[in-house]
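Asker: Attaching a predicted model along with its sequence, questions to come.
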Amino acid sequence: MPAGYRNTDGSYNNLSNNTNIWSSLESDANAWRRNLNYNHTDVNRNTNDKLYGFSVRCLKDWFSRRGIKFYAPADTIYEFQTTFMRFIPSVL
């Protein structure tokens with residue numbers, strides 16, 4: 001589903017035509033993401049500043065099945081005060 005993304009200033013873009021999904025891989029001060037657009041068949045891979053708000057893909061028990069423990073430092077979580085009011089028609 002096209003989810004768009006949140007800019008570093010808290011505003012939203014491309015809510016009805018693309019989706020960005022964070023990867024778990026980092027690149028210096030940035031992190032990798034995948035981009036899917038409604039009018040393209042390819043999936044792009046780029047880096048962005050970690051302050052952007054992209055979607056995440058949850059994988060149930062992926063880490064625990066591999067014996068991996070994940071600890072996120074508290075200083076990597078950012079809070080943005082935003083208000084979002086927009087009707088997005090469903091596609092059935």
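Answerer: Ah, there it is. None of these values were measured; they are calculated from a predicted model.
Asker: what's the longest strand in the protein?
Answerer: Longest strand in the chain by number of residues (criterion: DSSP state E): strand 18-27.
Asker: what bridges to the nearest residue to N30 once chain neighbours are set aside?
Answerer: In space, and not counting its chain neighbours, N30 is closest to T47: 4.0 Å by Cβ to Cβ, 6 or more residues apart in numbering. Yep, even glycine has a C-beta here, placed from its N, CA and C like the rest. For T47, the beta-bridge partners are W32 (DSSP bridges).
Asker: pretty sure T47 is touching R34, no?
Answerer: No. Using Cβ atoms under 8 Å, T47 makes no contact with R34, being 11.2 Å away.
Asker: list the contacts for the residue nearest to N30?
Answerer: 27, 30-33 (Cβ atoms under 8 Å, 6 or more residues apart in numbering).
Asker: So what sits opposite the residue lying closest to N7 once chain neighbours are set aside in the bridge?
Answerer: Sequence neighbours aside, N13 is the residue nearest to N7 in space, at 6.2 Å (criterion: Cβ to Cβ, 6+ apart). On the basis of DSSP bridges, N13 is bridged to Y5.
Asker: N13 reaches N20, doesn't it?
Answerer: No. Here N13 does not reach N20: they are 9.7 Å apart, not a contact under Cβ under 8 Å.
Asker: what residues are shared contacts of those two?
Answerer: 4-5.
Asker: Looking at those two, which is more packed in?
Answerer: N20 (22 against 12; other Cβ atoms under 10 Å).
Asker: and the more buried one, what is it in contact with?
Answerer: Applying Cβ under 8 Å, 6+ apart, we find N20 in contact with 3-5, 33-36, 48, 52, 54-55.
Asker: bridging residues for it?
Answerer: Here N20 shows beta-bridge partners N35, assigned using DSSP bridges.
Asker: What are the buried residues along the longest strand of the chain?
Answerer: For strand 18-27, a neighbour-count test (16 or more other Cβ atoms under 10 Å) marks 18-22 as buried.
Asker: Measure how buried D9 is and give me the count.
Answerer: Counted with other Cβ under 10 Å, residues neighbouring D9 total 8.
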